[in-house]
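> What follows is a predicted structure for the sequence shown.
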Amino acid sequence: MNVQARQIFVNLPVKNLERSKAFFGEIGFEFDQQMTDEKGACMIIGPSIYAILLTEDFFKNFSKREIADTTSSAEVITAISANSKAEVDELTNAAFKAGGQQASETMDDESIYLKSFKDLDGHMWEVFYRPQEATE
């Protein structure tokens, strides 16, 4: 079976697109300008992984369901790998400095180092590092 590499696009509703772009830009993410306009912004997470930040009004065009109230419920936790503990710390510290909040307690054992944050819209993100020996 020949499997082609796939891309992942995570669509997230945001209350204020410019504020969300500024937040994620401040913590080091870039945007694909060809896929960004006043209704949405394509944030580049990795070579084939993207978060599409959509204004809530535009997001509603894709689902008849209510947008999750992130103050009282969890819709998804988006986890991003890092290459070191220092990179985990850098990204999460930048998120806190930009206005993000801690989402859960730090995990630090022989198999994983993980910190998390909630973005300005309450979406939960985890940043983790797994040492090489833990992945084998």
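Thanks, I have the structure now. Numbers count the residues shown, from 1 in each chain.
> And stretch 36-45, what's buried?
36, 40-43, 45 (16 or more other C-beta atoms under 10 Å). All C-beta spots, glycine's among them, are computed from the backbone N, C-alpha and C.
> Then stretch 70-78?
70, 78.
> Kindly check the end-to-end length of that stretch for me.
In stretch 70-78, first residue to last residue: 14 Å (C-alpha to C-alpha, to the nearest Å).
> List of residues touching it?
With contacts defined as C-beta atoms under 8 Å, 6 or more residues apart in numbering, stretch 70-78 is touched by 10, 51, 68, 103, 116, 118, 121-126.
> With distance to residue 74 as new columns, can the residues you listed be given to me in JSON lines?
Below are these laid out as JSON lines (distance: C-beta to C-beta, whole Å):
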{"residue": "10", "distance to residue 74": "14"}
{"residue": "51", "distance to residue 74": "16"}
{"residue": "68", "distance to residue 74": "8"}
{"residue": "103", "distance to residue 74": "9"}
{"residue": "116", "distance to residue 74": "11"}
{"residue": "118", "distance to residue 74": "10"}
{"residue": "121", "distance to residue 74": "13"}
{"residue": "122", "distance to residue 74": "9"}
{"residue": "123", "distance to residue 74": "9"}
{"residue": "124", "distance to residue 74": "6"}
{"residue": "125", "distance to residue 74": "12"}
{"residue": "126", "distance to residue 74": "12"}
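> For the protein, give me the ranges with low pLDDT.
Applying pLDDT under 70 to the chain flags residues 1-2, 133-136.
> at 90 what do you get?
Along the chain, the model assigns pLDDT under 90 to residues 1-6, 64, 74-75, 131-136.
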